[in-house]
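> I need the structure of the sequence given here:
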Amino acid sequence: MDDAGQGALVWPEDAIEVGCITDAWGVKGWFKVKPFSSDPQALFSSRRWFVKPSESAGPGASIRTADLPALLKIVAVKNHGDGVVAQAQDVSDRAGAEGLRGARLFISRGSFPTAGPDEFYWVDLLGLAVFNREGVHLGDVVGLIDTGPHSVIRVLPVGASEAAEERLIPFVAAFIDSVSLPQRRISVDWGLDY
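Numbers count the residues shown, from 1 in each chain. The predicted structure follows:
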């Protein structure tokens, strides 16, 4: 039994990968986290981080992947430099924190902070159908690119392979007319010849 004797751990169906553990920090069990978002509020909003081993067995990966816990119960988390540091229950020393190195961190999408008006999590935009003002289906969102000043949605025509030419549409008010998460649709001011 785990999760404080409450039975088998249930992996959330809406788990989203939000970062990875890069190293130990200090001697009291704290560890460094590389967030996958420039605004890692999801890491601060949840005290239950689900863990999977690194997909690579490279030098940054934990040596004891078999010993990785499936869940970290976070007792403290704070910004530190360009990353985040955290402390988990049952990780009390540097050796324990080093054993987490390379671990991939997941949080239930339901634990994310509520986005403000006209704010969206990237994960919520993936798969949305993109239509221009003429009602032409340009494709679906297959990814996003963060350019610094703004994001760009990658739109691939339906049925096309990854090798096909994709459209890159800046995710700014000048080109994005509306986003409807319930309708799974983005309306854009974008011509077929762009």
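> wait, E17 touches R109, no?
No. Between E17 and R109 there is no contact under C-beta atoms under 8 Å: 11.0 Å. The way it works is simple: take the backbone N, C-alpha and C, and place the C-beta from them, glycine included.
> what secondary structure does G143 sit in?
Assigned by DSSP: H, G, I helix; E, B strand; the rest coil, the conformation of G143 is strand.
> got the contact list for it?
Listed by C-beta atoms under 8 Å, 6 or more residues apart in numbering, the contact set of G143 reads L126, I153, R154.
> from G96, how far out is the second one?
When distance is defined by C-beta to C-beta, to the nearest Å, I153 is 41 Å away from G96.
> pretty sure V142 is touching L126, no?
Yes. Between V142 and L126 there is a contact under C-beta under 8 Å: 7.2 Å.
> which stretch of helix or strand covers the spatially closest residue to A76 that is not a sequence neighbour?
With C-beta to C-beta, 6 or more residues apart in numbering as the criterion, A76 has its nearest non-adjacent residue at 4.5 Å, and that residue is Q87. Using DSSP states H and E, Q87 sits within strand 83-88.
> what's that strand in contact with?
Around strand 83-88, the neighbours that count as contacts under C-beta under 8 Å, 6+ apart are 19, 22, 25, 28-35, 40, 43, 49, 72-78.
> if we use 7 Å, what do you get?
25, 29-35, 40, 43, 72-78 (C-beta atoms under 7 Å, 6 or more residues apart in numbering).
> which members of these are classed as buried?
Buried by 16 or more other C-beta atoms under 10 Å: W25, G29, W30, F31, K32, V33, P35, P40, L43, L72, I74, V77, out of those.
> nearest to V10, of these?
Using C-beta to C-beta, L72 is the member of the buried ones among the contacts of strand 83-88 that lies nearest V10, at 15.5 Å.
> how far does the host helix or strand of V152 sit from the chain's center?
Taking DSSP H and E as the definition, V152 sits inside strand 151-156. Distance of strand 151-156 from the chain centroid (C-alpha atoms, centre = their mean, to the nearest Å) equals 17 Å.
> what do you get for stretch 176-184?
The mean C-alpha position of stretch 176-184 is separated from the chain mean by 20 Å, C-alpha atoms, centre = their mean.
> buried ones in that stretch?
For stretch 176-184, by 16+ other C-beta under 10 Å, it's I176, V179.
> narrow the buried ones among the contacts of strand 83-88 to those in strands?
Judged by DSSP state E, the buried ones among the contacts of strand 83-88 include F31, K32, V33, P35, L72, I74, V77 as members of strands.
> now do the contacts for the fifth one.
For L72, the contacting residues are W49, V51, A88, taking C-beta under 7 Å, 6+ apart as the criterion.
> ok, the first one next?
If you count contacts by C-beta under 7 Å, 6+ apart, F31 has them with I21, D23, A24, W25, V85, A86, A97, L100.
> how about it, nearest residue that isn't a chain neighbour?
That would be A97: by C-beta to C-beta, 6+ apart, it lies 4.2 Å from F31.
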